[in-house]
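Asker: Show me the folded form of this:
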Amino acid sequence: MKRILFSIALVLGVFVFSSHELFLKTDSHFLKPNMATQLYLLNGTFDKSENAITTDRIINAKIIGPDYLFEPTESHYNINGNITYLNFSTEDEGTYMAGISTLPRVLEMDAKAFNDYLEHEGLEETIAERKKEGLINEKAKERYSKHVKSILQVGDKTSIDFMKPLNYPIEFIPLNNPFEIKMGDAVAFKLLRNGKPLPNHIVHYSISKPGQDAHENENSTKTNKNGIVTMIPNESGKWYVATIHMEKKSEGGIDYESNWATLTFEIK
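Answerer: Now for the predicted structure:
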């Protein structure tokens, strides 16, 4: 199953909502020790950022590696155009994990816009729930936040630091090192929601190719009963896994809460 890109006009007027995912990327996931470099946030698709994430929305940002913990402050970010950059320096060799979380925002959509959005993202359970409860023709107010991670290889020596959870509301935990596999080997991730495995949940994955939007090559699968999802990278390049967890809420004037997760890595 593949997703398609789309935009939806909302009942709120001229405002247009598009399905914006958030990705933490870098020019190369292969870095040198003691190297000044930067990560950047793409808010839109894997290949293009539609608008920058302001630093007041960023929380729980950290980069971990062997005997290394970097928790950036506002001075480590800069915004250029539609991209937010995070500047940092590596230290010892190893496999690092970087992550950024965002504060929640609220968005209201009319019934058609919300239903189309759910269908686009493969959120079949929420669609079925809305039909069962007679809400399919009702507008929805959604509170959403996004939690993004990126695996980085510093030097030649690998380490297990990339497997450490960052304790985000939803996150992918790699179960093997994508920098150690051979082409055609599987890469596995455990999907956690509030620290617990999330079973039978849809996950999307793809690779960035020159001249194509990564969503054109996107495929979807589901986690197993233990919250584990497996994919087999069949090409070298920058890859991602992505998912959205949606649940019904009846607090604070919202109808639904969603938490988005992405994780990026590179295969040589």
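Asker: How about Val187, nearest residue that isn't a chain neighbour?
Answerer: In this structure, Val187 finds its nearest non-sequential neighbour in Pro178, 5.0 Å apart by Cβ to Cβ, 6 or more residues apart in numbering. Yep, even glycine has a C-beta here, placed from its N, CA and C like the rest.
Asker: Put the alpha carbons of the helix or strand containing Ile127 into PDB.
Answerer: According to DSSP states H and E, Ile127 maps onto helix 124-132. This file holds the C-alpha atoms of helix 124-132, laid out as PDB (Å, rounded to 0.1, in the frame of the first residue of the first chain):
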ATOM      1  CA  GLU A 124      -8.300   2.600   9.300                       C
ATOM      2  CA  GLU A 125      -9.200   2.000  12.900                       C
ATOM      3  CA  THR A 126     -10.000   5.600  13.500                       C
ATOM      4  CA  ILE A 127     -12.200   5.700  10.400                       C
ATOM      5  CA  ALA A 128     -14.000   2.600  11.600                       C
ATOM      6  CA  GLU A 129     -14.400   4.100  15.000                       C
ATOM      7  CA  ARG A 130     -15.900   7.300  13.600                       C
ATOM      8  CA  LYS A 131     -18.400   5.300  11.500                       C
ATOM      9  CA  LYS A 132     -19.400   3.100  14.400                       C
END
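Asker: who does whichever helix or strand comes after it touch, helix- and strand-wise?
Answerer: Where DSSP H and E defines the elements, the next helix or strand beyond helix 124-132 is strand 140-154. Here strand 140-154 touches strand 21-25, strand 30-31, strand 94-102, strand 105-109, helix 111-120, strand 170-174, strand 256-267, going by 3 or more Cβ pairs under 8 Å, 6 or more residues apart in numbering; DSSP states H and E.
Asker: Distance of Lys132 relative to Arg143?
Answerer: For Lys132, the distance to Arg143 (Cβ to Cβ, to the nearest Å) stands at 22 Å.
Asker: Between the two, point out the one with more neighbours.
Answerer: More neighbours surround Arg143 than the other of Lys132 and Arg143, with 18 against 9 (other Cβ atoms under 10 Å).
Asker: bridging residues for the more buried one?
Answerer: Legend: beta-bridge partners of Arg143 under DSSP bridges are Val106, Glu257.
Asker: Kindly report the same for Leu31.
Answerer: Val154.
Asker: try the one 5 residues further on
Answerer: When assigned by DSSP bridges, Ala36 has beta-bridge partners Ser89.
Asker: what's the answer for the one 5 residues further on, then?
Answerer: The residues paired with Leu41 through beta bridges, assigned by DSSP bridges, are Leu24, Thr84.
Asker: same deal with Tyr77?
Answerer: Beta-bridge partners, per DSSP bridges, of Tyr77: Leu86.
Asker: mind listing what's buried in stretch 116-128?
Answerer: By 16 or more other Cβ atoms under 10 Å, the buried positions in stretch 116-128 come out as 116-118, 121-123, 126-127.
Asker: Hmm, I typed the wrong one, I wanted stretch 165-181.
Answerer: Here stretch 165-181 shows 166, 168-174, 177-179 as buried, counting by 16+ other Cβ under 10 Å.
Asker: and if you look at stretch 105-117?
Answerer: Quick answer for stretch 105-117 (16+ other Cβ under 10 Å): 107-110, 113-117.
Asker: Nearest to Asp185 among the residues you listed?
Answerer: Nearest to Asp185, judged by Cβ to Cβ, of the buried residues of stretch 105-117 is Tyr117 at 34.8 Å.
Asker: I figured that closest one was touching Met109, is that so?
Answerer: Yes: judged on Cβ atoms under 8 Å, Tyr117 makes contact with Met109 at a distance of 6.8 Å.
Asker: Now the buried residues of stretch 105-117 in JSON lines, please, with extra columns for distance to Asn80.
Answerer: Listed next are these as JSON lines, based on distance: Cβ to Cβ, whole Å:
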{"residue": "Leu107", "distance to Asn80": "26"}
{"residue": "Glu108", "distance to Asn80": "31"}
{"residue": "Met109", "distance to Asn80": "31"}
{"residue": "Asp110", "distance to Asn80": "35"}
{"residue": "Ala113", "distance to Asn80": "31"}
{"residue": "Phe114", "distance to Asn80": "33"}
{"residue": "Asn115", "distance to Asn80": "37"}
{"residue": "Asp116", "distance to Asn80": "33"}
{"residue": "Tyr117", "distance to Asn80": "29"}
